[in-house]
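Q: Pasting the sequence and the predicted coordinates here, then a few questions.
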Amino acid sequence: MNINICLIGKGIVGTSLIQLLYQKKKFFEQKFNLNFIVNSIFEIDGALINEKGINLKEVLDVGGDFRNLPYWRKDAKAIDLISKLDISICIEATPTNPKSGEPGLSHIIEALNNGIDVISSNKGPFYLEYNRIKNLAKQNNCYVKFEATVASCVPSLGIKEELSGNEIIGIKAILNGTSNFILSRMTAEGVDFPLALKEAQELGYAESDPTLDIDGYDAAGKLVILANELLGWLKTIADVKVEGISKVTPHAIELAKLDGYVIKHLAIAENGELLVEPRLIDKHSPLNISGTLNIVELETKYAGPIILMGRGAGGFEAASAIINDLISISIKRGYTA
Amino acid sequence: MINLEVKLPDTPGSLIELIKPISKNGGNIYGILHFHDRKINNLIPVNVTFELNEEIQEVSMQKIKNELKEKNIQIENIDYEIEKKIITIILTGHVFDTDVMDTIKRLASKNINVLELQAKFTELEEVSNVKLKIEFPEDMNKKELNNELRKICEEKKLFLITS
């Protein structure tokens, strides 16, 4: 079955998604009877639009020169065209504005208002306006999926369906690879925070402005989404008590070691409270992961803790989560029949 | 804290056989009581009190039970008294300049007792890092404890890391 999709945002995630959609075309057809037709790819200054379907190989081949393709329409805006194009699923992959959630929030709302299912890798709209988006999706009989927003490819949201016979009652997680890398280096090498941060920046694990990562705001946003989705809460990022890691010292780490602890930047949802803060955890705890990995420990009512771990960032990691959402919606919609 | 009651044959070396699985699985033994006056059929009731790492307590205890069973040591009773009242915290900042005794006294007024204090300094003017082992009342939950700690830390501009 042919499924028309639009992609908003052609950054690292968007480009990785185009690559996966192209590479896995036969797989989708053979295994699921699905033919995803990308009829629009929006960027900040225009869009590639071909109602019959964009040649993805051509887009990949030209790389950064995609604006020279004949079907590039300068100044075309997603917000104006979502309702006009024939789209079944809209994929939102623009960068997050942490304060407003824009432009992603408006794209999502516009798509849902037009009865279009939504997949997002953009977390801002969900930690700011989760309830509004979910209600709008319900009112318009739409699916909205956002697996890539938390821990990227790690199925931390999708697991809810797999645990429908159980009950998730608490969450402890490490949701930011940058802060975990920095604390891991401080623990392993005894270096101070500024040096570990510099190293993270040199290795490309931290942005030139790493504030959102090291101050805990990024992890807080992901925690809100996890808590709302898995615990049924209705929180926003304003409800999270956030403490960053910049005040953690090598001496504090040494003192922690004396009692068999390590310091980790934990995101915690328990007893109705959301916290992101440095915590002492037993060095033998499964949460003691190193480097840029993410980990989510779900406390379940009937089976104790269940742990998911993996790479929490990266283009293909996020794109693979989007693909999972695409297939999931397609199955629910009966497109695979 | 775990209290394990077993019956051991009154023969040389039997106590070692009891202790081996406990210590092999990370048990920290606090005390052993023999009840020679209660010996029946050459079996003496013995009571061992020990502690296991809380994170892996269940797994370690299962291993101990299995190993004791293999040695034909009869377990009469196991009491788990999980010690949750003591936690470690770390304070970073001018912990001493902001009157550490006042901090300790204020905690004590809320029945939060400092059992142990360890500190690391660089220079006197620089921030210090202080690890406190604290005991708090059974009827106080961790959230309440953290609220008390945060109140003092916010006032004294100390950076708090709890477990």
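A: It's in. Numbering: from 1, shown residues only, chains lettered A, B, ... in the order given.

Q: Domain boundaries for chain B, per the record?
A: B:2-80, B:84-162 (automatic domain parsing).

Q: how much space between A:Thr236 and A:Asn131?
A: 8 Å (CB to CB, to the nearest Å). Yep, even glycine has a C-beta here, placed from its N, CA and C like the rest.

Q: Settle it for me: which of these two has more neighbours?
A: A:Thr236 (16 against 13; other CB atoms under 10 Å in any protein chain shown).

Q: Now do the helices in the chain.
A: Using chain A. A:12-23, A:25-32, A:56-62, A:78-81, A:104-113, A:124-139, A:159-162, A:177-189, A:193-202, A:211-214, A:217-231, A:250-258, A:315-333 (DSSP state H).

Q: Chain B is the one I meant
A: B:14-24, B:57-70, B:100-109, B:142-156.

Q: buried sites along the shortest one?
A: Meaning helix B:100-109. B:100, B:103-104, B:106-107 (16 or more other CB atoms under 10 Å in any protein chain shown).

Q: and that helix, how far from the chain's centre?
A: 22 Å (CA atoms, centre = their mean, to the nearest Å).

Q: is any part of it close to chain A?
A: No - between helix B:100-109 and chain A, judged by CB under 8 Å from any CB of the partner chain, nothing touches; the nearest distance is 14.9 Å.

Q: check contacts around residue 119.
A: Since no chain was named, I'll use chain A. With contacts defined as CB atoms under 8 Å, 6 or more residues apart in numbering or on different chains, the neighbours of A:Ile119 are A:89-92, A:144-146, A:322, A:325-326, A:329.

Q: oops, chain B please
A: B:95-96, B:128-131.

Q: before we move on, what about A:Leu266?
A: A:Leu266 is in contact with A:172-174, A:275-279, A:281, A:287, counting by CB under 8 Å, 6+ apart.

Q: and what of B:Asn42?
A: Here B:Asn42 is in contact with B:9-11 (criterion: CB under 8 Å, 6+ apart).

Q: Are any of these buried, and if so which?
A: Neighbour counting by 16+ other CB under 10 Å classes B:Pro9 among the contacts of B:Asn42 as buried.

Q: will you turn the contacts of B:Asn42 into a markdown table that also has distance to chain A and pLDDT?
A: Output for the contacts of B:Asn42, formatted as a markdown table (distance: CB to the nearest CB, whole Å; pLDDT from 0 to 100):
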| residue | distance to chain A | pLDDT |
| --- | --- | --- |
| B:Pro9 | 35 | 90 |
| B:Asp10 | 38 | 89 |
| B:Thr11 | 36 | 88 |
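
Q: Number of residues surrounding residue 61?
A: In the absence of a named chain, this looks at chain A. 10.

Q: was after chain B, sorry
A: By other CB under 10 Å, neighbour count at B:Met61 equals 18.

Q: isn't it right next to B:Ile75, touching?
A: No - assessed by CB atoms under 8 Å, B:Met61 is found out of contact with B:Ile75, at 10.8 Å.

Q: tell me what the one helix or strand in chain B whose mean pLDDT sits lowest is packed against?
A: Across the helices and strands of chain B, mean confidence by mean pLDDT, DSSP states H and E is lowest for strand B:74-80: a mean of 86. The contact analysis (3 or more CB pairs under 8 Å, 6 or more residues apart in numbering or on different chains; DSSP states H and E) places strand B:74-80 against strand B:2-9, helix B:57-70.

Q: Identify, out of the ones you listed, the most deeply packed stretch.
A: strand B:2-9 (a mean of 18; mean count of other CB atoms under 10 Å in any protein chain shown).

Q: Report the distance from that strand to the chain centre.
A: With CA atoms, centre = their mean, you get 20 Å for strand B:2-9.

Q: Which strands border that strand, and is each parallel or antiparallel?
A: Using DSSP bridges, the strands paired with strand B:2-9 are strand B:43-51 (antiparallel), strand B:74-80 (antiparallel).

Q: closest to A:Ser208 out of those strands?
A: Closest to A:Ser208 of the strands paired with strand B:2-9 is strand B:43-51 (CB to CB; 48.0 Å).

Q: average pLDDT for the closest one?
A: For strand B:43-51, mean pLDDT rounds to 91.

Q: got the contact list for that strand?
A: With CB under 8 Å, 6+ apart, strand B:43-51 has contacts from B:1-10, B:15, B:18-19, B:22, B:27-36, B:38, B:74, B:76, B:83.

Q: do you know which of the helices of chain A lies nearest A:Asn97?
A: Between these, helix A:124-139 lies closest to A:Asn97; by CB to CB that is 5.8 Å.

Q: Going by neighbour count, which residues in the closest one are buried?
A: Within helix A:124-139, the residues that qualify as buried are A:124-130, A:133-134, A:136-137, counting by 16+ other CB under 10 Å.

Q: quick one: average pLDDT of it?
A: Averaging pLDDT along helix A:124-139 yields 97.

Q: which other helices and strands contact it?
A: Against helix A:124-139 (3+ CB pairs under 8 Å, 6+ apart) you get helix A:104-113, strand A:144-145, helix A:217-231.

Q: who's in contact with the spatially most central residue of chain A?
A: Note on chain A: the residue nearest the mean C-alpha position is A:Thr149, at 1.7 Å, using CA atoms, centre = their mean. By CB under 8 Å, 6+ apart, the residues touching A:Thr149 are A:120-123, A:126, A:157, A:222, A:225.

Q: Centroid-wise, who is the farthest residue in chain A?
A: Here chain A reaches farthest from its C-alpha mean at A:Leu258, the gap being 36.5 Å by CA atoms, centre = their mean.

Q: That residue against B:Lys131, yeah?
A: Yes - with contacts defined as CB under 8 Å, A:Leu258 counts as touching B:Lys131 at a distance of 6.9 Å.

Q: Pull up the overlap in contacts between the two.
A: Each of B:Gln118 lies in contact with both A:Leu258 and B:Lys131 under the rule CB under 8 Å, 6+ apart.

Q: any idea how far the residue nearest to the centre of chain A lies from chain B?
A: 28 Å (CB to the nearest CB, to the nearest Å).

Q: Distance of that residue relative to A:Ile3?
A: Look at A:Thr149 and A:Ile3: by CB to CB, they are 22 Å apart.

Q: what does chain B have sitting close to chain A?
A: Neighbours of chain A within chain B, by CB under 8 Å from any CB: B:53-56, B:88-90, B:92, B:118, B:120-122, B:127-131, B:133, B:143, B:159, B:161-163.

Q: Please repeat the previous calculation with a cut-off of 7 Å.
A: Residues of chain B lying close to chain A (CB under 7 Å from any CB of the partner chain) are B:53, B:55-56, B:88, B:90, B:92, B:118, B:120, B:129, B:131, B:143, B:159, B:161-163.

Q: Good, wrapping up.
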